[in-house]
Each structure stands twice: as C-alpha cells, then as structure tokens.
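> Have a look; sequence and predicted model below, questions after that.
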Amino acid sequence: MRLSRQTLDRLPATVIKPDYDPASIAIGIVHLGIGAFHRAHQAVFTDAVLARDPSWGICGVSLRSPETRDALAPQDGLYTLKVQDGSGEELQVIGSVVELLCAPENPQAVLDRMASPATRIVSLTITEKGYCHNPATGMLDENHPDVAHDLRNHARPKSAVGFIVEALARRASAGVPPFTLLSCDNLPSNGHVLKRVVTRFAELRDPALGDFVSRVASPSTMVDRIVPATTDTDRAQIAAALGASDAWPVVTEPFRQWVIEDEFPLGRPDWEKVGATFVDDVSAFEMMKLRLLNGSHSTLAYLGYLAGAETVADAMSLPGMEPLIEGLMREEVTPTLPPLPGFDLPAYRAELLKRFRNPALRHRTWQIAMDGSQKLPQRLLATIRDRLTQGASYDRLALGVAAWMRYARGVDESGKPIDVRDPHAARIAELIRGIDEPERMVDAFLGMMDVFGSDLSTSGPFRATLVKALTRLFEEGSAATLRFYAR
C-alpha cells in the first residue's frame, strides 16, 4: 500500500492525519526548493492552519532534480513527518504540499503558477549558493553562469532569481500586484539579500522592471529545526509503522522556531497561532541562531568528520567536543550578539547542546559540511570580525575555519578521499594543488576574497591564528587538537 489520499483512512490510529480534506486545499504559496527542511518546517506550520483557511496550500518547485516530484506526486503530495528524540517518536502525515513541479522540465508551468493572482507568497529554501550572490558582499554575482543564462532566456530561467523576476514581470504586465518574497534560508538579513539580488537582476533586464521589483515586500526570517537527510533505514522503519510505503518521509527533532518580519501586503496564513513569532526586526534572532547554532554546527561537523564521527551525536561524544562547543558559544559568540530583552540565552545554549546530543536524529557530519565556502562567511567569519574589532580572542572560531580548510583539502587523516560538496570545490582543489605546508595552505585559502573579504584575507592576526590551528590539525590530528582546544 502506498501513502495517498485514498489510503489515509487505513493508516494506524496512532498516526496523526490532516484535520482537513487535502483534496479541498487551494494553492496560495509557491515554494522554491522543496527539500527536506521546508517539508519539516514551513510546510508543517502551514499544515497546522489549513483547517482554518484552506487557501494557503503549497506548490513545491524543484529547481534542479525531479526526485522530490517523482517521489511525492504519486502520493498526492502527502508525506510522513517523523519527530523523534531519545524519549520516543511521533508520526504525522502532512498534506499542505498539494502540487509539485520540476522547473527544468516545465519552466512554463512554474512561471504560470507564480504569475497566478492566487499566488500571494513565494518562499524559498535554496541554500546560500542558490542566491547567485557574492557571500562576502551580498551582491548579485553578475558573472554567475545561471545569471548570464537567465538574462538571455527570460522564459526558460535556471535560477530562483530568474524565475522570480520573470514571474514578477508577467504580473506587472497583467496588472497583478506582486507576491511577497519570503526567504527561509540561513543568510543574515535573508529578505534584504533576496530583495537586493532580484532588484539588481531586474535592473539589468530593464530599469522600469527594476523599479517595480524594488517595491516588492521581502521580509526577513529566522528558521530553526534540525533535519537530517532521510535514509533507507528511515523509510523502512516509517513504512513498517504506517503499514504503507512513503517514498520520501522526513525525520526531525521536536524543537522548531520561526521568527518572521510581518510584511505581507497580500495577506498571509495565521502562522502565529501555531507557534511562529512575528516581529518588526528579525536581525537579532537571526544573528543569534546563525552564530550560536549554525556556527557551532559547522565547527563540530568539520572536527567531528575529521575525527571519524559519522553523526552530530557521535561528534558530541568525542572527548573535548562538548566543552569546546559550549566555550565557543558562551565565551566567543555570545559577547558579539545584540541585546534580546526577555530571551534566556543561557537556556538557549543549553537547549542547543541537548539537541546536538539527540541520538535519534542521525544527522550526518558530512551533510552539514557541504557548501562550506558559502556558509562560513555567515556562520563563523562575521563573528571573528566582531571579535577582532573587540580585541578579543577567537581561537575556537578560528579552529572551525581551519577544520574546514583541512576538510576541503579532500583527503582525510588516513589518506582516504573526502567527497567534498562545495560550489568552489574545483577551485579549492586547484588553489591548494601540491601544497602540504599549513602556512602556504592558509595563504591559498585566504586568496578567496569572495569568501574572506579583503579585511580577513589581509589580516595578520587572523592568518597567524589560522596557521596555528591548521598546523596542529595536521601534526596531531583532529581528536588530539579537539582535546587541546577544549582545555
């Protein structure tokens, strides 16, 4: 039996099912990047409000691969959410994704859906690299091959930016008000970054279009939930519990958080009634999460992978890892954060450590290690800049950066190749080809000014701190280095 609308009533009573008729839901949101995180986060918040207002169903768009569409379309978009920690698990069928499209196969269908007056929000989880921007400046990378392609091929775009601008152009021509853009990616001021790149892209197409796009609402958000990649073991266990197969369930933790700036000219779901927080300015929450959670996550992922830890929980059990991460958050990150009146930062840090220790998630360090060149500017380098300005130490933060360099070299401590997934993987391999000395390797990496910026690339103190950390990683290995820095 396959999970579908027809088989919902045959699932066990212990499985939570939609409290509305999934067949009656209309589409009000187009989501670009219909991956596991969206389906464990925004789609779950939306699922919880559809009984009150069925006009907010989601059209999920894959920008690259048809895999998600092929898995979920035969299931009428339904999938299982498995929430688990050390104390147990809960299964829930989510029905908020009512249509699935694959952009490369049918860009016209995607543009038609985005241009439809019924679409009031276009949301995104496309990861940092999907914004076709320079991470060090936040500006559109006008030399990006997808940008160049989309400027020539308006009706068959490849990038999220190209789809958004073409859909807005069609709405403008038809006299339809623009949808709200809602970035849900881990970028500082993600709404502002998105607005900046789409406006610049539109200006390159036509100044009048650029003026129209510059007035589109693009609130910033902060999202938080740990969502590991689904494994075949997950599928088998969930199928056994359901008594039905589910081609692509998602697995996550109990914790979830969504902080959103409230700017939605065409309306929005009542997400605040199901746990979302609406604020005037999300930046303080965003910085807290990027630096405390994501910065710690990247640091333990690189160090843990190099030390042989397959999962985050495994990495947390390494001697020295928990005190290292706790000290990084408390001593090096927290002093850089803006005030959060009424928010209990010590409790939040303790909650993060508990979440990292969750043995049920099986969140792979290799998965977190992906796209380091795009993630580090927000997760670690911005914090290091602030510590440099403060004249304060940043040894643990620099160790995270050095561990990325050691990892991105592409060979582990036993001489085996590492499958480095990064948009700059080939460039990095060329930069460090034939280099074995830590000092020269640091210099090669610091030449990536689009990652480190001109300030950190030329900072003598930063370079010296990196060289010290990378030298120890090469000479003593990650496990011993971890114990040393945790003292």
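Nice, I can see it. Residues are numbered from 1 along each chain as shown.
> Run through the residues that contact the closest residue to E105 other than its chain neighbours.
Using C-beta to C-beta, 6 or more residues apart in numbering and skipping residues adjacent in sequence, the residue nearest E105 is P66, 6.3 Å away. For glycine as for every other residue, the C-beta is placed from the backbone atoms N, C-alpha and C. Counting by C-beta atoms under 8 Å, 6 or more residues apart in numbering, P66 touches 102, 104-105.
> Those into TSV, with extra columns for secondary structure and neighbour count?
Below are those laid out as TSV (DSSP: H, G, I helix; E, B strand; the rest coil; neighbours: other C-beta atoms under 10 Å):
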residue	secondary structure	neighbour count
C102	strand	22
P104	coil	13
E105	coil	11
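> Name the nearest of these relative to L72.
C102 (11.3 Å; C-beta to C-beta).
> May I have the beta-bridge partners of that closest one?
S62 (DSSP bridges).
> could you measure it against P207, distance?
33 Å (C-beta to C-beta, to the nearest Å).
> picking up where we left off before, show me which of the contacts of P66 is closest to V451.
For the contacts of P66, the nearest to V451 is P104 (28.4 Å; C-beta to C-beta).
> My understanding was that the closest one contacts V61; is that so?
No - here P104 lies out of contact with V61, judged by C-beta atoms under 8 Å, at a distance of 10.5 Å.
> can you pull the contacts of S183?
S183 neighbours (C-beta under 8 Å, 6+ apart): 123-124, 190-191, 193-194, 218, 220-221.
> So for the residue nearest to E105, what's the pLDDT?
You'll see P66 listed with a pLDDT of 97.
> And T137, by the same measure?
84.
> Report the contact partners of it.
D450.
> Equivalent analysis for I428, please.
The contact partners of I428, taken as C-beta under 8 Å, 6+ apart, are 373, 408, 410, 420, 422, 445, 448.
> Please flag which of those residues sit within helices.
The helices, defined by DSSP state H, take in 373, 408, 445 from the contacts of I428.
> follow-up on the earlier one: mind putting the contacts of S183 in a markdown table, pLDDT, secondary structure and distance to E437 included?
Output for the contacts of S183, formatted as a markdown table (pLDDT from 0 to 100; DSSP: H, G, I helix; E, B strand; the rest coil; distance: C-beta to C-beta, whole Å):
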| residue | pLDDT | secondary structure | distance to E437 |
| --- | --- | --- | --- |
| S123 | 98 | strand | 46 |
| L124 | 98 | strand | 41 |
| N190 | 95 | helix | 38 |
| G191 | 97 | helix | 43 |
| V193 | 96 | helix | 36 |
| L194 | 98 | helix | 41 |
| S218 | 98 | coil | 45 |
| S220 | 97 | coil | 42 |
| T221 | 97 | strand | 43 |
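> Redo the residues you listed as CSV? Include neighbour count and distance to I368.
Listed next are the contacts of S183 as CSV, based on neighbours: other C-beta atoms under 10 Å; distance: C-beta to C-beta, whole Å:
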residue, neighbour count, distance to I368
S123, 22, 23
L124, 25, 20
N190, 27, 19
G191, 23, 24
V193, 22, 21
L194, 27, 23
S218, 23, 27
S220, 26, 23
T221, 22, 21
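> which two from these end up farthest apart in space?
Checking the contacts of S183 with C-beta to C-beta, the most distant pair is S123 and V193, at 14.5 Å.
> rewinding a little: could you export the contacts of P66 as CSV, including distance to S116 and pLDDT?
As requested, the contacts of P66 are exported to CSV (distance: C-beta to C-beta, whole Å; pLDDT from 0 to 100):
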residue, distance to S116, pLDDT
C102, 18, 98
P104, 20, 97
E105, 19, 97
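> tell me which of those is nearest to E430?
Closest to E430, out of all of the contacts of P66 and judged by C-beta to C-beta, is P104, at 28.5 Å.
> From P339, how far off is that closest one?
46 Å.
> now swap in A172 and tell me
Counting by C-beta to C-beta, the gap from A172 to P339 is 41 Å.
> How about R156?
To P339, R156 is 48 Å away according to C-beta to C-beta.
> for A208, same thing?
On the measure of C-beta to C-beta, A208 and P339 end up 42 Å apart.
> So which of those two has more stuff around it?
A208 (12 against 7; other C-beta atoms under 10 Å).
> Check that one and give its pLDDT.
For A208, the pLDDT comes out at 97.
> Can you tell me what sits against the helix or strand where it lies?
A208 belongs to helix 207-213 when assigned by DSSP states H and E. Residues from elsewhere that reach helix 207-213 (C-beta under 8 Å, 6+ apart): 165, 168-169, 172, 178, 198-200, 202-204.
> Narrow the residues you listed to those in helices?
Using DSSP H, 165, 168-169, 172, 198-200, 202-204 are the members of these that sit in helices.
> just to revisit the earlier point, the ones in helices among the contacts of I428, buried ones only, as a ChimeraX selection?
A single ChimeraX command is used to select the members of the ones in helices among the contacts of I428 judged buried by 16 or more other C-beta atoms under 10 Å:
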select :373,408,445
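> which residues does the residue nearest to P377 when sequence neighbours are not counted contact?
In this structure, P377 finds its nearest non-sequential neighbour in P135, 4.4 Å apart by C-beta to C-beta, 6+ apart. The neighbours of P135, taking C-beta under 8 Å, 6+ apart as the test, are 128, 373-374, 377-378, 450-451.
> can you do 10 Å?
Each residue near P135 by C-beta atoms under 10 Å, 6 or more residues apart in numbering is listed here: 128-129, 141, 187, 193, 373-378, 381, 450-453.
> cool, and D262?
Here D262 is in contact with 219, 268, 272, 277-280, 282 (criterion: C-beta under 10 Å, 6+ apart).
> Which one of the contacts of P135 sits in the busiest neighbourhood?
Neighbour counts for these peak at K375, which has 27 neighbours (criterion: other C-beta under 10 Å).
> secondary structure element for it?
helix 372-376.
> Pull out the buried members of the ones in helices among the contacts of helix 207-213.
Buried among those by 16+ other C-beta under 10 Å: 165, 168-169, 172, 198-200, 202-204.
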